[in-house]
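what follows is a predicted structure for the sequence shown.
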Amino acid sequence: MSLKNILIFFALIFSLSACLDEYWPDLDKYENLLVVDGVLTNKSNPTTIHLSLSSSISSEQLIPVNNGVVYLTDENQDIILFSELEPGVYQVTDSTFQGQVGKSYQLHIELPNGKRYESDVCEMKAPSSIDSVYGIIEYPDPFDNSQSFPGMQFYIENHSEVNDTSYYLFKVIHTYQYKSTFDIDYIWVGEFLAYPKPDSLRTCWRTAKANEILVSTSGLLDPTAINQFPLHFVSTESKLLSIRYSPLVRQLSISKAAYDFFSAVKEQSTKQENLWTTQPFQILGNIHNVDNKSEPVLGYFVVAGASEKRIFVNKPPLTFYYEVCEPDFESLRFIESEPRSRWPIYIDDIMFLGWAMADSKACFDCRLEGGSITPPHFWVDE
């Protein structure tokens, strides 16, 4: 986890140097702290725990924690073991295991250096029903500089069978269909060859996480429901809405303690420009060193009842502003001098204009933007 926001202190020093003595925080003690990230739900998805160390402000990087021992215990003292899939990534060994609503769980971690960590004992709350997820076209607010392009704002509505205040953490994983700019009609490999399937690398599907921290609580007037809670905004500056878009919304029913933690993280992340913002390392989660309670541990182990809902959205009637590749007609004259390292060179035969190259292979091959030419198993066309 990066500590780059500590630079805010430096701005404070310079802006107030006339009335304050210089103060340089001791950054070293916030390096190499254990960072824990994991979610246990009632769903059948294999439970995964990520372990890493916080990096220095001068060298932001992921430092996975290898060769640890990770396991869960429940209220009956049953043990659920994890195995390390890849450096720092631990997955439950029993692929059929899933959490049970009403049951309590505790995470245990033992590191190669002998340190032992435990989470608080966490009860799994009952999931609430998702009534609807939908998007509404919205345009930039002239008084809000954070939004420069039109797009779609997504919302969620739900209800709970429990007649009490509920707390939620929302996670959004979105998949979108998109195209590269050009077909591949010919390739150059020392000679021109016709490409057998010109559009075979043009359409892709890509899945990614929306990074916003989304938390909400049911209101005092209606403790059983949330109405039109804003999720994420998708701008026309990107390709996400350019053909067909599908967000999967995961609604986690969490404890008040978890809600307070993620609310604090969200508040801090939205106030990074504020010189008086508290620093990220001060927001501690529910993981503790068994033998040294004063050691800070970052991250949170979430135990929650989960509900999910997926929707599909077609391209909205908006103008899009993402970058489009420009055809390069002139370079074809010098294609014989192109080095072998650039082969194959893709060429599109543009109707009425002629053959054209482009600056990047990504202009022809959509996979180079991170997607796959194979649609995901859940994908449905309109």
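Everything's here; your move.

residue 374 sits in which helix or strand?
In this assignment (DSSP states H and E), residue 374 forms part of neither any helix nor any strand.

and if you look at residue 91?
strand 89-92.

neighbouring contacts of the helix or strand just after that strand?
Tracing the chain C-terminally past strand 89-92 and defining elements by DSSP H and E, one meets strand 104-110 next. By C-beta atoms under 8 Å, 6 or more residues apart in numbering, the residues outside strand 104-110 that reach it are 34, 36, 38, 40, 49, 51, 68-75, 99, 116-124, 287, 301, 303. C-betas here are computed from N, CA, C, even on glycine.

partners of the helix or strand just after strand 104-110 in the sheet?
Past strand 104-110, heading to the C-terminal end, the next element that is a helix or strand (DSSP H and E) is strand 116-119. Each strand that strand 116-119 pairs with, and the sense of that pairing, follows from DSSP bridges: strand 104-110 (antiparallel), strand 287-289 (antiparallel).

the shortest one: how far from the chain's middle?
The chain centroid and the centroid of strand 287-289 are separated by 25 Å under C-alpha atoms, centre = their mean, to the nearest Å.

coming back round to it: filter the contacts of strand 104-110 to the buried ones?
When neighbours are counted using 16 or more other C-beta atoms under 10 Å, those contain these buried positions: 34, 36, 38, 40, 49, 51, 68, 70-74, 99, 117-120, 122, 124, 287, 301, 303.

pLDDT on the strand holding residue 91, on average?
For strand 89-92, the mean per-residue pLDDT is 97.

before we move on, what about stretch 113-124?
Per-residue pLDDT values across stretch 113-124 average out to 97.

straight-line length of that stretch, end to end?
This stretch, stretch 113-124, spans 31 Å end to end (C-alpha to C-alpha, to the nearest Å).

one more: stretch 355-365?
According to C-alpha to C-alpha, stretch 355-365 extends 17 Å from its N-terminal end residue to its C-terminal end residue.

give me the buried positions along it.
Residues 356-358, 361, 363-365 are the ones in stretch 355-365 that count as buried (16+ other C-beta under 10 Å).

ok so, going back, the strand holding residue 91 - contacts with which helices or strands?
Applying 3 or more C-beta pairs under 8 Å, 6 or more residues apart in numbering; DSSP states H and E, one finds that strand 89-92 contacts strand 48-53, strand 79-86.

let me know which of the ones you listed is the nearest to residue 283.
With distances scored as C-beta to C-beta, the stretch of the helices and strands packed on strand 89-92 nearest to residue 283 is strand 48-53 (16.6 Å).

distance from the following helix or strand past the closest one to the middle of the chain?
Remark: after strand 48-53, the chain's next helix or strand is strand 63-64, criterion DSSP H and E. Taking C-alpha atoms, centre = their mean, one finds strand 63-64 lying 18 Å from the centre of the chain it belongs to.

residues making contact with the helix or strand following strand 63-64?
Under the assignment DSSP H and E, the closest C-terminal helix or strand after strand 63-64 is strand 69-74. Around strand 69-74, the neighbours that count as contacts under C-beta under 8 Å, 6+ apart are 40, 47, 49, 51, 79-82, 84, 90, 92, 103-110.

strands paired with strand 69-74, and their directions?
Applying DSSP bridges, one finds strand 69-74 paired with strand 79-86 (antiparallel), strand 104-110 (antiparallel).

nearest to residue 196, of those?
In terms of C-beta to C-beta, the element of the strands paired with strand 69-74 nearest to residue 196 is strand 79-86, at 36.8 Å.

quick check: angle from that closest one to strand 48-53?
Regarding strand 79-86 and strand 48-53, their directions subtend 60 degrees when assessed with axes from the mean of the first three to the mean of the last three C-alpha atoms, to 10 degrees.

rounded mean pLDDT for strand 79-86, please.
In this model, strand 79-86 has a mean pLDDT of 97.

which residues touch residue 267?
Under the criterion of C-beta under 8 Å, 6+ apart, residue 267 has no contact partners.

buried ones in the helix or strand where it lies, by neighbour count?
Assigned by DSSP H and E, residue 267 falls within helix 256-269. Along helix 256-269, these residues count as buried under the neighbour rule (16+ other C-beta under 10 Å): 258-259, 261-265, 268.

good, we can wrap up now.
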